[in-house]
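Enquirer: Below: sequence and its predicted model.
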Amino acid sequence: MRDKAIFTLGALGALLMAWNMHTIFVTLAGEAMQGQIGKMFFIHVPAAITAYSFYAVAVVCSIAFLFTKNFKYDSIAVSSIEVAQVFTLVNLVTGSLWGHIIWGIWWTWDLRLTSQFMCFMLYLGYLLMRPAIAEATQRATMSAILAIFAAADIPLVVMAIRLHNVRTQHPAPVLETGGVDASWWPPLLIGYVAFMLIASALVMVRLRQETVTREIDSLRRELHAI
Amino acid sequence: MDAINQTFLFYGYSAAWIIVFGFILILVRRGQRIDHELMRLKSLMEEKEK
């Protein structure tokens, strides 16, 4: 049943993304000022929003773990963070390639880019810290605290281009200010839905692995006790 | 200029899919490793119980 759900989500996401890429590359005209490279928007922005959606899931589950001590929440949190990291990396790489053409530089340490990079590094720290703590409850508790702490960076990423007293290299917000042409909204939203479907399938696969890993740990303890 | 734009757009989309498929590959290999380990421990458990 779960395998079917994973396959359905993944296949639906892949099909939707293939159809969307056809629209982006064949039907849609390039951006007025930037030309074709402006279409990086359709992968850069949905990747970021997908990542934040799963970081949010991880934070909610981390809080739930701290209250209930139920390891199911810890498993969902780590699975969500691992998948969110993939989409954060997609966001960083596509942004860098876009910046190379539009700005003439691969990277700059402005508030938006730095805070996004910090977000990636903080959650990378989360993933690297976990194997270093042997005791399961301690590992899950420390992980939950770090996941919540790291999420404090996300409002900074979002607000970095909205603060009046901060100058950034990154473009000003366009989603809520009417800066996106009406013809660009459907591929943007479809891109987000497709990424969410693919990411959900990946989280479910990762979650299954986390469950098996816990089973392995308990079997090892039993074998050690015999 | 538009040719360079097109090339870098292609690089961007390629990089995105390479990252996603790379992660899928990591998941598959990790899955195989832990399934194998689970089977090994289960058979070891059966042996010890006999």
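Expert: Perfect, I can see it now.
Enquirer: give the contact list for A:F42.
Expert: Residues in contact with A:F42 (Cβ atoms under 8 Å, 6 or more residues apart in numbering or on different chains) are A:20, A:24, A:184, A:187-188, A:191. C-beta coordinates here come from the backbone N, C-alpha and C atoms, glycine included.
Enquirer: State the pLDDT value of it.
Expert: With respect to pLDDT, A:F42 scores 94.
Enquirer: next one: B:M1
Expert: 61.
Enquirer: I'd like to know which elements the helix-or-strand element of chain A with minimal mean pLDDT is packed against.
Expert: Ranked by mean pLDDT, DSSP states H and E, the weakest helix or strand in chain A is helix A:153-159, scoring a mean of 91. Counting by 3 or more Cβ pairs under 8 Å, 6 or more residues apart in numbering or on different chains; DSSP states H and E, the packing neighbours recorded for helix A:153-159 are helix A:111-129.
Enquirer: buried stuff in the helix it packs on?
Expert: A:111-117, A:119-120, A:122-123, A:126 (16 or more other Cβ atoms under 10 Å in any protein chain shown).
Enquirer: for it, what is the average pLDDT?
Expert: Mean predicted lDDT for helix A:111-129 stands at 95.
Enquirer: That helix and chain B, are they touching?
Expert: No: Helix A:111-129 lies apart from chain B when judged by Cβ under 8 Å from any Cβ of the partner chain; the minimum separation is 12.1 Å.
Enquirer: Secondary structure class of residue 45, three-state.
Expert: No chain specified, so I'll use chain A. For A:V45, the assignment made with DSSP: H, G, I helix; E, B strand; the rest coil gives helix.
Enquirer: so after the host helix or strand of A:A64, what's the next helix or strand?
Expert: Counting by DSSP states H and E, the element that carries A:A64 is helix A:41-68. Following helix A:41-68 in sequence order, the next helix or strand is helix A:71-102 (DSSP H and E).
Enquirer: Centre of the chain to the helix or strand containing A:M17, how far?
Expert: When elements are assigned from DSSP H and E, A:M17 belongs to helix A:2-22. Centroid separation for helix A:2-22 versus its chain: 18 Å, with Cα atoms, centre = their mean, to the nearest Å.
Enquirer: Pull up the gap between A:T211 and chain B, please.
Expert: According to Cβ to the nearest Cβ, to the nearest Å, A:T211 and chain B sit 10 Å apart.
Enquirer: Tell me how many other residues crowd the residue nearest to that residue when sequence neighbours are not counted.
Expert: Of all residues not flanking A:T211 in the chain, A:S75 sits nearest, at 6.5 Å (Cβ to Cβ, 6 or more residues apart in numbering or on different chains). Look at A:S75: counted by other Cβ atoms under 10 Å in any protein chain shown, it has 21 neighbours.
Enquirer: now swap in the one 10 residues further on and tell me
Expert: Under the neighbour criterion other Cβ under 10 Å, A:Q85 is assigned a count of 21.
Enquirer: Could you pull up the residues touching A:N70?
Expert: Contacts of A:N70 (Cβ under 8 Å, 6+ apart): A:A64.
Enquirer: so what's the backbone phi/psi at it?
Expert: phi -90, psi 120 (degrees, to the nearest 10).
Enquirer: returning to that earlier point: check contacts around the residue nearest to A:T211.
Expert: Applying Cβ under 8 Å, 6+ apart to A:S75 gives the contacts A:207, A:210-211, A:214.
Enquirer: Can you give me the pLDDT of the spatially most central residue of chain A?
Expert: Taking Cα atoms, centre = their mean, the centroid of chain A lies closest to A:A51, which sits 1.7 Å from it. Looking at A:A51, its pLDDT stands at 97.
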